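Asks: Here is the input, now give the coordinates:
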Amino acid sequence: MAHSIAPNLQGLLHLAQKDNAEARPSLIRIITDLYVMNPAPDAEEIGRYAELALPMLARADESVRVAVAASLARHGATPGRVAAKLARDVIAVAQPVLMHSAALDDRTLADIVRSTTPAHALAICGRESVGPETALALLAHDDDGVRNIARRFAQTEPARRPLEAANDADDTAETGPAAAEPVETAPASGLFVSAFDLMDDADPLYRGRTTLPADELARHARALLASRPEERAPLIARTIGIRAAQAGRTASAPVPSELMQAAFDAAATARSPSEVAALFTRIGALPRDVARNVVADGGGELLAIACRAARLPRMLTQRILMFVNPLVGHSVERHYAALDLFTDIDPLIADAIVATWRGESRAPKHVPLADDAPGVRRAAHVHAAGAERLVPAETAAKNHA
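Replies: Modelled structure (predicted):
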């Protein structure tokens, strides 16, 4: 993989240099998707991607930058210059990078805290840990909410020493009768949850969305399933505008096991829509006939919703959308519209929609599947061996017997 992407990037670099303004938004997304498919690019490829991405991001609209940031946020080889540019963008773009990217060092994060908005600082508070300079910047922030959440970082060893030194200096200079009582610090886990509760109001992904009664949401889900791709745009816009009630935000379905993800990947790579549909049925997400209709739908949006409800990773969903249905995979516009829906839809709303498709009124149950179930073990084995064609589950079951 490390050597296969570089020539593609070279060709796309040549294409990007042409005067084709309409192609550039799609190009930066395609180039980024190719880049992140390689978990360990070499130094030359990292430099080439940064050289290409920075000027294209400067010309891209916000929706494109949001998609690029989502792809790069958790990648282990995101160029530092690209991460820094995205991290200083509007919060809709910056948030995943600020929360997850390892490409941002302590000094860069601290500077972002001091020079951007409270929403950016709150996103940084969502990181598992920060360096001492960033912790000090957060604890000195003008915004009360940021300071309260950042207190959990004051308990970490890297931040404690400079904080203690600063406190000692304050004590020496204190001339009043007594210093103020220390503020009680809540446990780190509670503050971490609070960070997301506060960010929820600032997060453009949820701001302005409305909740729907269960019966109205069910009618909406049935309308989606019955619609044709060419008439679906208003329904998709409404789907993105719905959010789950705040009280239910802690609900979370489990991410499928690595073996199950390998089975989906093998089925997608084999361009086998019947096997992908069968996998959705095996995990308890959809009945067989509904799963087949969802996978065969020419718009890709129904499949994106099913993938979101199944908690499939974004990169795996992208491969499914690209390979399983040529009506979607061969259309840049349809492919990325479906991928955008996967990214934007509230996952709890995806759960409710898929539950309606299953003919149930409750949230979907993600049924754990044994690793040695017929078909899944075979699919994962074929994936690991790099075979070009997936052996159908029925054949695998007979061989297993």
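Asks: From now on I want contacts and neighbour counts done on CA atoms only, so please keep to that.
Replies: Will do.
Asks: Isn't residue 350 up against residue 311?
Replies: No: Residue 350 sits out of contact with residue 311 when judged by CA atoms under 8 Å, with a separation of 9.8 Å.
Asks: burial count for residue 234?
Replies: Around residue 234 there are 9 other residues, counting by other CA atoms under 10 Å.
Asks: now the one 3 residues further on
Replies: Look at residue 237: counted by other CA under 10 Å, it has 12 neighbours.
Asks: does residue 75 really touch residue 35, like I thought?
Replies: No: in this structure, residue 75 is not within contact of residue 35 by CA under 8 Å, at 9.4 Å.
Asks: more crowded one of residue 350 and residue 311?
Replies: residue 350 (28 against 19).
Asks: Show me what the helix or strand the more buried one falls within is packed against.
Replies: Secondary structure from DSSP states H and E places residue 350 in helix 347-357. Counting contacts by 3 or more CA pairs under 8 Å, 6 or more residues apart in numbering; DSSP states H and E, helix 347-357 packs against helix 214-226, helix 301-309.
Asks: After the longest one, heading C-terminal, what element do we hit next?
Replies: From helix 214-226 onward toward the C-terminus, using DSSP H and E, the following helix or strand is helix 233-240.
Asks: Just the residues contacting that following helix, thanks.
Replies: The contact list for helix 233-240, computed with CA atoms under 8 Å, 6 or more residues apart in numbering, reads 220, 223-224, 301, 341, 344-346.
Asks: Which members of those residues are classed as buried?
Replies: Among those, those classed as buried by 16 or more other CA atoms under 10 Å are 220, 224, 301, 341, 345-346.
Asks: Would you convert those residues into CSV that also reports distance to residue 122 and pLDDT?
Replies: As requested, the buried ones among the contacts of helix 233-240 are arranged in CSV below (distance: CA to CA, whole Å; pLDDT from 0 to 100):
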residue, distance to residue 122, pLDDT
220, 34, 90
224, 35, 91
301, 32, 95
341, 25, 91
345, 22, 89
346, 20, 87
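Asks: All the strands of the stretch 101-250 of the chain, residue numbers only.
Replies: For the stretch 101-250 of the chain, strands defined by DSSP state E, counting those that start in this stretch do not occur.
Asks: helices or strands up against the helix or strand hosting residue 28?
Replies: Using DSSP H and E, residue 28 sits in helix 24-36. Contacts defined by 3+ CA pairs under 8 Å, 6+ apart place helix 24-36 against helix 5-16, helix 43-59, helix 62-72.
Asks: most packed of the ones you listed?
Replies: Highest mean neighbour count among the helices and strands packed on helix 24-36 (mean count of other CA atoms under 10 Å): helix 62-72, with a mean of 20.
Asks: Among the contacts of helix 233-240, which one lies nearest to residue 98?
Replies: residue 344 (18.1 Å; CA to CA).
Asks: how close does that closest one get to residue 128?
Replies: 24 Å (CA to CA, to the nearest Å).
Asks: again, but for residue 68
Replies: 22 Å.
Asks: ditto for residue 354
Replies: 32 Å.
Asks: Which one's more surrounded, these two?
Replies: residue 354 (30 against 10).
Asks: quick one: pLDDT of the spatially closest residue to that one that is not a sequence neighbour?
Replies: Residue nearest to residue 354 in three dimensions, not counting chain neighbours: residue 306, with 6.5 Å by CA to CA, 6 or more residues apart in numbering. With respect to pLDDT, residue 306 scores 95.
Asks: residues in contact with residue 306?
Replies: Counting by CA under 8 Å, 6+ apart, residue 306 has contacts 285, 294, 350, 354.
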